[in-house]
Structure formats: C-alpha cells, structure tokens
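No letters, just coordinates:
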C-alpha cells in the first residue's frame, strides 16, 4: 500500500466537510434545545393547572381560562400565566422539584404606568383581590 500526500483541494474539501458537519451538529443541538423548551413549557402548564385545581377547586380552576407558559421562566422554576381580565393575570410559580406552588395576581395600570402584585393562596383570596382590586 502506498501513502499519498493529499492534494490542496483535498484539504479544502476536508475543511468544508468539517464545517458542514459542525453546522449540522449546531443545528441538531438547537433543535434539541427547542424541544426541551417545549417540554418545559408543557410541564409548566400542566403543573399550573394541577396546582390551580388543588388550590382553588375543580370548578374555579376550569373557569380561569387557558394557562400559557411564562415567556421568562426563572431558572430552576416552572412558571405559567393565565389572563384573568385585561391587564390582570394570575401567575403560578413552582420549583422544578415540585415543592409548593406560589400564586400571584399581577395587575398593570396603564394610566399610571405601574404594576402591582399580591400573593393568593385560596379561592377566597383570589376573589377578594379581584373584587377589591390591587393597590
């Protein structure tokens, strides 16, 4: 068997091949990250729905509306949001280890350009906040 020194064009092909393989690996990793993000989003919504049923009861949880994953989920947490009224949302935040969810009502005042939030732990708390408004 005779060893032959690769030609210059062969090196270019090898570099092109490595670049192509590298780009394919990057694209595959990005797709994997997107898939994991979708799974996180789905998990956040499932946890929020389950916690809402446990905290507020089946009927109240069903009446809340559609839970959506938070766009800025904190590290180590699941977070989902449901809009209760215009500029008023209920946020469910739960550690990824499954230990106790925290519900907060967040309201935004467009005229004064500020927001306020209050923690709620029961259906009575939630009703009181919605009836009385946030201060």
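Noted; the coordinates are in hand. In this text the structure is predicted, and so the values were computed from the model without any measurement. Numbering: from 1, shown residues only.

Could I get the average pLDDT for stretch 45-64?
Stretch 45-64 carries an average pLDDT of 93.

Buried ones in it, by neighbour count?
For stretch 45-64, the neighbour count (16 or more other CB atoms under 10 Å) marks 45, 47, 48, 49, 51, 52, 55, 56, 61, 64 as buried. C-beta here means a position set from N, CA and C on the backbone, and glycine is covered the same way.

cool, stretch 120-130 as well?
Counting neighbours by 16+ other CB under 10 Å, stretch 120-130 gives 120, 125, 126, 129, 130 as buried.

what would the residues you listed look like in a markdown table with pLDDT and secondary structure?
Supplementary listing: the buried residues of stretch 120-130 in a markdown table, determined by pLDDT from 0 to 100; DSSP: H, G, I helix; E, B strand; the rest coil:
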| residue | pLDDT | secondary structure |
| --- | --- | --- |
| 120 | 94 | strand |
| 125 | 92 | helix |
| 126 | 92 | helix |
| 129 | 88 | helix |
| 130 | 86 | helix |
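
pLDDT below threshold where in this structure?
Along the chain, segments meeting pLDDT under 70 span 1-13, 133-135.

Could you look up the SS state of residue 97?
Here residue 97 is recorded as coil under DSSP: H, G, I helix; E, B strand; the rest coil.

Show the contacting residues for it.
Applying CB atoms under 8 Å, 6 or more residues apart in numbering, we find residue 97 in contact with no residue.

what's the next secondary structure element after the helix ranked longest in the chain?
Counting residues, the longest helix found in the chain (DSSP state H) is helix 8-56. Going down the chain from helix 8-56, the next helix or strand is helix 58-64, by DSSP states H and E.
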